[in-house]
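Q: the following block contains a protein sequence and its predicted model.
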Amino acid sequence: MKRIAVVLVALLIFGAAKLPLERSIHDAHRAAYFHGATLNLTLREQIGQGAFLAALSGFRGVIADFLSLQANDAWENTQWSRVIFLYNQITTLQPRSSLNWEMGAWYMAFDAAQAALDDPKQPRQALREKARREFIQQGREFLERGIRNNPDHSTLYNRLGFVLMNKTDDHLGASRAYAKAAEFPDCMGYEKRFAAYELAKVPGKEAEAYALLVKLYREGDKERAPMLLVRIKAMEEKLHIPPEQRVYKPAGKLQ
């Protein structure tokens, strides 16, 4: 009994001593946006014991690369469910790799969605369209999860804007995604313009969008893309802007 008591006391002391270290590691992971990167029994069942042990040993990148090769094979064989399954595991292993989130979302929202729409095995158009929408939604949600893990640079906001602009009617969501992407130092030059273009498609937001378009025009030649000028002209006509207040003058000259 005395020996058991000593062991219990030692365990309690060890447990108390390691709590600050565990808290520090947990806080560091949260600070690095490691959301959903837990190596748990579910992942162990999905990737196998050997790969799981390798991941626990610090070889997450190696296992993720191996799964990427499997995902590519699944993509070549149009095994869309397996592609999605594998990219969920890849991003669990490497949640801070924005490229993996980008690739997985593309496969879902574009490749799998188009394949579902063209599926020769499904004779009903309505069901093909339903499957297409579901894959697009999975791609959107995948990017949103990626953003939660990588909120500190622009890439995934940009990709989310692209998916929403091209694959959905959520123009407000696309505008917000592009506007958020444009806030970062590594942003693309067109993102502010795309945010304004998408906002102009939202009913009730025309005046706000026009103000953004004009603001961009006033920033100088670097923002004066041909599409910006076309959108300004269209919005001035739609909003019935008085001729003397227009950027796009009736004679066709911009000022």
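A: Received it, and whenever you're ready, just let me know what you need. Computed from a predicted model, the values in this text were never measured in an experiment. Numbers count the residues shown, from 1 in each chain.
Q: pLDDT below threshold where in the stretch 51-200 of the chain?
A: By pLDDT under 70, the weakly predicted segments of the stretch 51-200 of the chain are 51-60.
Q: how about the contacts made by the residue nearest to the spatial centre of the chain?
A: Nearest to the mean C-alpha position of the chain, counting by C-alpha atoms, centre = their mean, stands Leu143 at 2.5 Å. Contacts of Leu143 were listed using C-beta atoms under 8 Å, 6 or more residues apart in numbering, and they are Trp101, Glu102, Ala105, Leu156, Arg159, Leu160, Val163. No exception for glycine: its C-beta is placed from N, CA and C like everyone else's.
Q: which element is the closest residue to Glu198 other than its chain neighbours on?
A: Excluding its sequence neighbours, the residue lying closest to Glu198 (C-beta to C-beta, 6 or more residues apart in numbering) is Ser175, at 3.9 Å. Assessed by DSSP states H and E, Ser175 sits inside helix 171-181.
Q: pull the distance from that helix to the chain's centre.
A: Taking C-alpha atoms, centre = their mean, to the nearest Å, the mean C-alpha location of helix 171-181 is offset from the chain mean by 12 Å.
Q: and the next helix or strand past it?
A: The next secondary structure element downstream of helix 171-181 (using DSSP H and E) turns out to be helix 191-199.
Q: that next one vs helix 171-181, what angle?
A: Using axes from the mean of the first three to the mean of the last three C-alpha atoms, to 10 degrees, the direction of helix 191-199 lies 170 degrees away from that of helix 171-181.
Q: which residues are contacting helix 191-199?
A: Contacting residues not belonging to helix 191-199 are listed as 154, 158, 161, 164-165, 171-172, 174-176, 178-179, 181-182, 205, 208-209, 212-213, 216, 223, 225, 227-228, 231 [C-beta under 8 Å, 6+ apart].
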